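> Provided below are the primary sequence and the corresponding predicted coordinates.
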There are 2 protein chains.
Amino acid sequence: MADHPPLHEALEPLAFLLGSWEGAGSGEYPTIAPFRYCERIAFGHAGKPFLAYTQRTWAPDDGRPLHAESGYLRHTGGGAVELVLAHPTGIVEVYTGRVEGAALRLATATVARTPTAKRVDALERDIDVDGEELSYLVRMAAVGQPLRHHLAATLRRT
Amino acid sequence: MADHPPLHEALEPLAFLLGSWEGAGSGEYPTIAPFRYCERIAFGHAGKPFLAYTQRTWAPDDGRPLHAESGYLRHTGGGAVELVLAHPTGIVEVYTGRVEGAALRLATATVARTPTAKRVDALERDIDVDGEELSYLVRMAAVGQPLRHHLAATLRRT
């Protein structure tokens, strides 16, 4: 964001996320065919006590856009974090969780949706950074299925 | 977004929003001091059946960042629209509404929030485009107050 202000001190435990990350992932769920995707993630800040998060994915074969999501991550003290996300599929997610070292462990407190969106009941996200590599796992309970593995990806800092 | 693909046909009724808009607004609410802000809004697309929306505001006097929000707008047919938003304040909003000519009328179906966010119960947003000018009004019910005027702004296409 503008003018690269200093990072807000509340975000110091989240500084390991800052920047842009690019890589690939794969998804599966009982109700859909398995799929692979390329992905770009960015965590930015404007000097205020939140990180802005954006993500988009595209098809490995022809580059057509697949998914996107955007939202904001806050550290509310003592390692507690909160993440809010909006999806073009008409889903919004409110997560609470913890930052521990260079890892985030997040679970939805609330998932809400527009009238035409698919039903999503709960998600869990694990994000781990090891040096220049960011990996994540997403588990999801949706469309009548219990919470189970949905997405895994590994990205490198660009 | 990448490569300027053609607009998805479902978005034709929303094409009047596309682009970047910049201007100024003012806010008021019984629980806070009135305030003025500068604002930039962008509606973009990637060839898929949704518009990506981003917004940020800054202080007129010193340019310090104030608010930001991001989300996605869909036209689900017959003039019905759905908007999902995430805010760095820990709020997510799910709107339903109508597009009529170059105007959107939106009201929240759901507002959800993180444990540390202020309580927001409902919002209404009116967005009107007249040529190169976009204006909007936001009404809000929050922190125990009934639905009432909160924000008004006028922006020009950049």
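Everything's here; your move.
> Flag every residue of chain A that's near chain B.
A:1-2, A:46-48, A:50, A:52, A:54, A:56, A:63-65, A:68, A:70-72, A:74, A:76, A:82, A:84-88, A:90-94, A:96, A:109-110, A:112-117 (CB under 8 Å from any CB of the partner chain). Every C-beta, even on glycine, is put in place using the N, C-alpha and C of the backbone.
> List only those of those residues flagged as buried.
A:46, A:48, A:50, A:52, A:54, A:56, A:65, A:68, A:70-72, A:74, A:76, A:82, A:84-88, A:90-94, A:96, A:109-110, A:112-114, A:117 (16 or more other CB atoms under 10 Å in any protein chain shown).
> looking only at pLDDT, what's the mean for stretch A:8-24?
Average pLDDT, stretch A:8-24: 97.
> Only the buried residues of that stretch, if you could.
Buried residues in stretch A:8-24, counted by 16+ other CB under 10 Å: A:8, A:11, A:13-14, A:16-17, A:21, A:23.
> Tell me, what's the model's pLDDT at A:Ala2?
You'll see A:Ala2 listed with a pLDDT of 47.
> Residue ranges in chain A under the pLDDT threshold?
A:1-3 (pLDDT under 70).
> same thing but at 90, please
Scanning chain A for pLDDT under 90 picks out A:1-5.
> Tell me where it has strands.
Shown for chain A, the strands assigned by DSSP state E span residues A:19-29, A:32-44, A:51-58, A:65-77, A:80-86, A:91-100, A:103-113, A:120-130, A:133-142, A:148-157.
> what's the most buried one of the ones you listed?
Mean neighbours per residue, mean count of other CB atoms under 10 Å in any protein chain shown, is largest over these for strand A:80-86, with a mean of 24.
> what pairs with that strand, and is each one parallel or antiparallel?
strand A:65-77 (antiparallel), strand A:91-100 (antiparallel) (DSSP bridges).
> Adding distance to A:Ala142, write these out as JSON lines.
Below are those laid out as JSON lines (distance: least, CB to CB, whole Å):
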{"stretch": "strand A:65-77", "distance to A:Ala142": "14"}
{"stretch": "strand A:91-100", "distance to A:Ala142": "9"}
